[in-house]
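Asker: take this sequence and fold it.
(2 chains)
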Amino acid sequence: MRPVRFNIHPKEAEIADAIGMGKAPDGVTGDGFFATQLSSVVGLARKNSLWPLPFATSCCGIEFMATMASHYDLSRFGSERVGFSPRQCDLLMVMGTIAKKMAPVLRQVYIQMAEPRWVIAVGACASSGGIFDTYSVLQGIDQVIPVDVYVPGCPPRPEAIIDGFMKIQDLVGQESIRRRNSEQYKTLLNSYGIQ
Amino acid sequence: MSLNNEIIQEKLIAKFGDQVGQFAISYGMLSFEAPKEMNLKVLQFLYDEPGLEFTFLTDICAVNYPDQKGAELVVVYHLHNLKENVRVRFSVSTSLDNTDVFTATKLFESANWMERETYDFFGINFVGHPNLKRILNVDEMDYFPLRKEFPLEDQTRIDKDDEMFGRG
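Answerer: You can find the predicted model right below:
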């Protein structure tokens, strides 16, 4: 018998809502097999192991640091590994003011990422230039690279960044594996001068 | 005897006569002007003259006074005597038509980047500068952004009306 008892009224953790498994995609189940679309399986795998590449230039970057840290813990959503090499990452997270002089650098980082790649613009500055309506600031990163999700706010709270991240996950999960070869996608990239 | 503003002013007038002028003291700091052709002579004198020895260039900047016809651009040098801990502010003015000003890079190595910045934002052409190109802005920029010829914000845009922010 231990001399001190902790939690003399232990409470069962309610894990039913807090912890969820990734939902299996629609398919045909039978004895010992499960058939579904390859796209769905690939999407499921991709969305739950996104490697974000943080491109943090100002205060939104600080909010992102909070998002990554233990309190908000972005890794709960399957983005355990924040990479700092564009070659290995899937998700470019642009957080903060992008000056016009920084624009070619951002574009270069985007080009260095391997397909499939996604972009999230966090905060007013990355989305639209924000309060910096001035000669030196890029008025939204969508002038140089395509953006999938915009997170509003100045800066957005970590919850908002997580919400944007989950929107990205929805996109990734539903994306057809053929999308990146489509004419529409090529036209989109060509409109940015990226082949 | 410690260095003070009266001594600096006397020495400058003794050397350059009425070519230096507009002496003023604001917040205890002496400021004066000279013709722009004289800028290096004045800086060299302030540097070399025993007792003055302003050997540290704190800052070079420019100011645009659009209403001051013929002297729209003013280049300001901030100098520091490190021994006596005394500072002066020296300025030369130039017109928008001819923005040539002699470079101070031969005298102060630190003037290099400061003059590039001043060129970048105001378009002062520092004659004799070893590498006069933009330092902060994008190279493709074809205007000088801190000149007061631009409105602060496009007055015709409507996407930042109060109505758009629920304050209408």
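Asker: quick one, what contacts residue 41?
Answerer: Defaulting to chain A. A:Pro25 (C-beta atoms under 8 Å, 6 or more residues apart in numbering or on different chains). Every C-beta, even on glycine, is put in place using the N, C-alpha and C of the backbone.
Asker: wait, I meant chain B there
Answerer: Contacts of B:Lys41 by C-beta under 8 Å, 6+ apart are B:Phe16.
Asker: could you verify that it is part of a helix?
Answerer: Yes: according to DSSP: H, G, I helix; E, B strand; the rest coil, B:Lys41 belongs to a helix.
Asker: give me the pLDDT value at it.
Answerer: Per-residue pLDDT puts B:Lys41 at 93.
Asker: around chain B, which positions in chain A sit nearby?
Answerer: With C-beta under 8 Å from any C-beta of the partner chain as the criterion, chain A meets chain B at residues A:Lys100, A:Lys101, A:Asp133, A:Tyr135, A:Ser136.
Asker: on the three-state scheme, the spatially most central residue of chain A is what?
Answerer: For chain A, the residue nearest the mean C-alpha position is A:Phe165 (4.2 Å; C-alpha atoms, centre = their mean). Secondary structure for A:Phe165, judged by three-state DSSP, is helix.
Asker: can you give me the pLDDT of it?
Answerer: 93.
Asker: I'd say it and A:Gly78 touch.
Answerer: No: taking C-beta atoms under 8 Å as the definition, A:Phe165 is not a contact partner of A:Gly78, at 9.7 Å.
Asker: now the residue nearest to the centre of chain A: closest residue in space that isn't a chain neighbour?
Answerer: A:Phe77 (6.1 Å; C-beta to C-beta, 6 or more residues apart in numbering or on different chains).
Asker: gap between that neighbour and A:Leu92?
Answerer: Note on A:Phe77: its distance to A:Leu92, by C-beta to C-beta, to the nearest Å, is 17 Å.
Asker: which of the two has more residues huddled nearby?
Answerer: For A:Phe77 versus A:Leu92, neighbours defined as other C-beta atoms under 10 Å in any protein chain shown are more numerous around A:Leu92 (24 against 15).
Asker: so which strand or helix has that one?
Answerer: Assigning secondary structure by DSSP states H and E places A:Leu92 in strand A:91-95.
Asker: how about the host helix or strand of A:Ala66: buried residues?
Answerer: Using DSSP H and E, A:Ala66 sits in helix A:59-68. With burial defined by 16 or more other C-beta atoms under 10 Å in any protein chain shown, the residues of helix A:59-68 counted as buried are A:Cys60, A:Gly61, A:Glu63, A:Phe64, A:Thr67, A:Met68.
Asker: same check, this time on stretch A:124-138
Answerer: Per 16+ other C-beta under 10 Å, stretch A:124-138 contains these buried residues: A:Ala124, A:Cys125, A:Ala126, A:Ser127, A:Ser128, A:Gly129, A:Gly130, A:Phe132, A:Val137, A:Leu138.
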